[in-house]
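Q: Predicted model and sequence follow; I will ask about them next.
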Amino acid sequence: MDKCRIQFLYDACNLIFTQKEPPTFQKIQWLKKFLDNMEAKDVGIDEFRTCRSLPEWDQTSKVEICKGLICGQGVSEITYIHIYESDFFSIGVFCFPAGAKLPLHDHPSMTVLSKLLYGSVYVKSYDWVKEEKSNYRTVGLAAKVVDGIIKAPSEATVLFPRSGGNIHSFTALTPCAILDVLSPPYSEELGRPSTYFSEIFVPSFRGYAILEERDLPDDLVVNGAPYLGPPLVTSDGLSLKTK
């Protein structure tokens, strides 16, 4: 039986992220090609459907489910679909309704590959020029890397621990979904928390901003939703069979 795309993606991640040595740039580009081919249906989402009459509901996440797939156009809040996580990497999908925003946040010591599955999103990202701790909070000068709109279909993007736009934000211009691969995953215990930042612009210093660590935004709500894509068989025995 032919493997599904999510299985190919998992196998590729497991191959390069579980080695003793960090993956080379060439291996990351090889992995990126797997994400380039991913579509919403590969992770259990119908990007076109909105159920207005008698949809099924997931009682925990309150997302609309039609014909066994999450209705991409019916997502009312930022929703995260957890697919897989180990000590080495994680795979998941953020679904956004139009107008929703994921504020500036970082990915400490992490490599991140992201693929916009459908819709359009405004992306802003920075890399540190100089950072320091002030009153136990991170503050510093950052250079802008991306400031523009991405529309599907598009290639996957890659950011590295110190380059590529490690600090970024998303604002959904239409309903959209972003498939993320993170290596290693976030971990408070291992010193990889998710930190949020505010921007202070300097008019005479175009292309740069002062970023200052901020508390988790009170209005940021991220719901969880079940993975409804093809069955995924993992090497650590966490077989995900959804149907």
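A: Alright, I've got the coordinates.
Q: Report the secondary structure state of residue 230.
A: Recorded secondary structure, residue 230: coil (DSSP: H, G, I helix; E, B strand; the rest coil).
Q: In this structure, which residue is most central in space?
A: By CA atoms, centre = their mean, the chain has its centre lying nearest to residue 180, at 3.6 Å.
Q: Please report how far that one lies from residue 129.
A: According to CB to CB, to the nearest Å, residue 180 stands 25 Å off from residue 129. To be clear about C-beta, it is placed using only N, CA and C from the backbone, and glycine gets the same treatment.
Q: repeat for residue 163
A: Going from residue 163 to residue 129 by CB to CB gives 12 Å.
Q: same deal with residue 6?
A: Taken as CB to CB, the span from residue 6 to residue 129 is 38 Å.
Q: Of these two, which one has the most company?
A: For residue 6 versus residue 129, the count of surrounding residues by other CB atoms under 10 Å is larger for residue 6: 23 against 11.
Q: Confirm that that one sits in a helix.
A: Yes: residue state for residue 6 (three-state DSSP) corresponds to a helix.
Q: I'd say it and residue 43 touch.
A: Yes: with contact defined as CB atoms under 8 Å, residue 6 counts as touching residue 43 (6.2 Å).
Q: shared neighbours, these two?
A: In terms of CB atoms under 8 Å, 6 or more residues apart in numbering, residue 6 and residue 43 are both contacted by the residues 83, 229.
Q: Which helix or strand in the protein has the lowest average pLDDT?
A: Every helix and strand in the chain was compared by mean pLDDT, DSSP states H and E; the lowest is strand 56-57, with a mean of 50.
Q: Mind jotting down where the helices sit in this structure?
A: 5-17, 25-36 (DSSP state H).
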